[in-house]
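1. need a structure here:
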Amino acid sequence: MAGTNDILEVAKMTINASIKCNTVRGFIGWHSCDNICMDMHDVLDMCEDAFKRERYQESLEADTYVLVSGVKLASCADSSSGMLTDVIMRAFELIDLSTQTIAKLDAAMRKHALSLIIKEAKKKAFDGWDSWRYELLGKAVCLCDEKLAVKLEKLLDVFLEDIENDYTPEYKRQEDTILRYKLHRHLKGADAVKDELYANLHIREIRIIAVKDATDARNYNEAEKLCLEQIKKEDGR
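-> Here you go, the predicted model:
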C-alpha cells in the first residue's frame, strides 16, 4: 500500500502506464478505454483506503488527478461504454467526501484544499467540459470562509470574461449563477440569500432548491406553487 507521500505518484504512474499500453497508433478504442477505466477504479480504491486512514489531503490530490485524467480521456477516447462516466462520477463522490471532511478541520488544510481545486479547475482539460469544471468547483464551497470565498469568486469572474465567445454562453451563465448562490448560501445562510434564490427561479436547479426549502419548512402551499409554475412553463414551450 502506498505511503504518505507517494499516493499521488502511484496514481500518476498507474494511469500514465495504462494509457500508454492501451493506445494503439494514437487511438484509444472503447475496449482500451475500458481497460484504462478499470485501472482508474483501482487507483480510486487506493484513494478511498487512504481516506479511511484519515489521509484526507493525499486522497484529495489523487482523486482530482484521476478526475482530470478522466476528463482528458473523454476528449480523445471512445468512451461509449459509459465506464468512463462511472469513473468520473466516482472521483467526484470521493472529492466531495474529502472536502466535506477537510471543511471541519483547521484553516490551513481548508486553504490548501481550496488552492488545489482552483488549480485543477483552471486546467485546459476542462475546456469544453464546463459542467464538470463547475461541479469540481462546487465541491470547494464547503471549504470557504469569507476570505477564501473571494478567491473562488475571482476565478468565477475569470471564467465569465470570455463568455460571449463560448458556444453555450447561457448555460455557462446558469452554472455560474448556481455556484455563486450556493457559495453565498454557505456563507450567510438560506434566509439571508432568499432574495437571490427567488431572483433565479428560471434556473431549474435553483427552483428545486426553493421547493426543497419550502418542503423542509412545511410550507407545502409554496412548494406546490413553485412546482405548478414550472409545469406551466414547460407546457408552454
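2. What is the burial count for the residue nearest to C21 when sequence neighbours are not counted?
-> Leaving aside its chain neighbours, C21 sits nearest to N35 (7.9 Å; criterion: Cβ to Cβ, 6 or more residues apart in numbering). No exception for glycine: its C-beta is placed from N, CA and C like everyone else's. Neighbourhood size, N35 [other Cβ atoms under 10 Å]: 17.
3. After the host helix or strand of N35, which helix or strand is next? Please name it.
-> Taking DSSP states H and E as the criterion, N35 maps to helix 30-52. Past helix 30-52, further along toward the C-terminus, the next helix or strand under DSSP H and E is helix 56-74.
4. Compute the inter-axis angle for that next one and helix 30-52.
-> Inter-element angle recorded for helix 56-74 and helix 30-52: 170 degrees (by axes from the mean of the first three to the mean of the last three Cα atoms, to 10 degrees).
5. List the buried residues for the helix or strand following helix 56-74?
-> Scanning forward in sequence from helix 56-74 by DSSP H and E, the next helix or strand is helix 83-102. Neighbour-count burial for helix 83-102 flags 83-84, 87-88, 90-92, 94-99, 101-102 (criterion: 16 or more other Cβ atoms under 10 Å).
6. And for stretch 153-160?
-> 153, 155-156, 159.
7. Show me the two of the buried residues of helix 83-102 that sit farthest apart.
-> M83 and I102 (28.7 Å; Cβ to Cβ).
8. just to revisit the earlier point, might one say that the residue nearest to C21 is in contact with I19?
-> No: the criterion here is Cβ atoms under 8 Å, and N35 misses it with I19 at 9.7 Å.
9. for the chain, what are the low-confidence residue spans?
-> For the chain, applying pLDDT under 70 flags the ranges 1-5, 164-165, 236-237.
10. If we use 80, what do you get?
-> 1-5, 162-168, 234-237 (pLDDT under 80).
11. from what I can see T64 touches A121, true?
-> No: using Cβ under 8 Å, T64 is not in contact with A121, being 9.2 Å away.
12. what about the two, which has more around it?
-> Taking other Cβ under 10 Å, T64 and A121 do not tie; T64 has more neighbours (27 against 23).
13. residues in contact with the residue nearest to that one when sequence neighbours are not counted?
-> Distance criterion Cβ to Cβ, 6+ apart; nearest residue to T64, sequence neighbours excluded, is E120 at 4.8 Å. Contact partners of E120, counting by Cβ atoms under 8 Å, 6 or more residues apart in numbering, are 64, 67-68, 136.
14. give me the number of residues near K52?
-> 9.
15. which ones are touching A91?
-> Here A91 is in contact with 44, 63-64, 66-67, 70 (Cβ under 8 Å, 6+ apart).
16. same thing but at 7 Å, please
-> Neighbouring residues of A91 by Cβ atoms under 7 Å, 6 or more residues apart in numbering: 44, 63, 66-67, 70.
17. returning to what we had before: tell me which element the residue nearest to T64 falls in.
-> Here E120 is assigned to helix 107-121, by DSSP H and E.
18. hey, C-alpha coordinates of that helix in PDB?
-> Output in PDB follows, covering the C-alpha atoms of helix 107-121 (Å, rounded to 0.1, in the frame of the first residue of the first chain):
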ATOM      1  CA  ALA A 107      -7.900  26.700   8.300                       C
ATOM      2  CA  ALA A 108      -4.500  25.700   6.800                       C
ATOM      3  CA  MET A 109      -5.900  22.400   5.500                       C
ATOM      4  CA  ARG A 110      -9.000  24.100   4.100                       C
ATOM      5  CA  LYS A 111      -6.900  26.700   2.300                       C
ATOM      6  CA  HIS A 112      -4.600  24.000   0.800                       C
ATOM      7  CA  ALA A 113      -7.600  22.000  -0.400                       C
ATOM      8  CA  LEU A 114      -9.200  25.100  -2.000                       C
ATOM      9  CA  SER A 115      -6.000  26.000  -3.700                       C
ATOM     10  CA  LEU A 116      -5.700  22.500  -5.100                       C
ATOM     11  CA  ILE A 117      -9.200  22.500  -6.500                       C
ATOM     12  CA  ILE A 118      -8.800  26.000  -8.000                       C
ATOM     13  CA  LYS A 119      -5.500  25.000  -9.700                       C
ATOM     14  CA  GLU A 120      -7.100  21.900 -11.200                       C
ATOM     15  CA  ALA A 121     -10.200  23.700 -12.400                       C
END
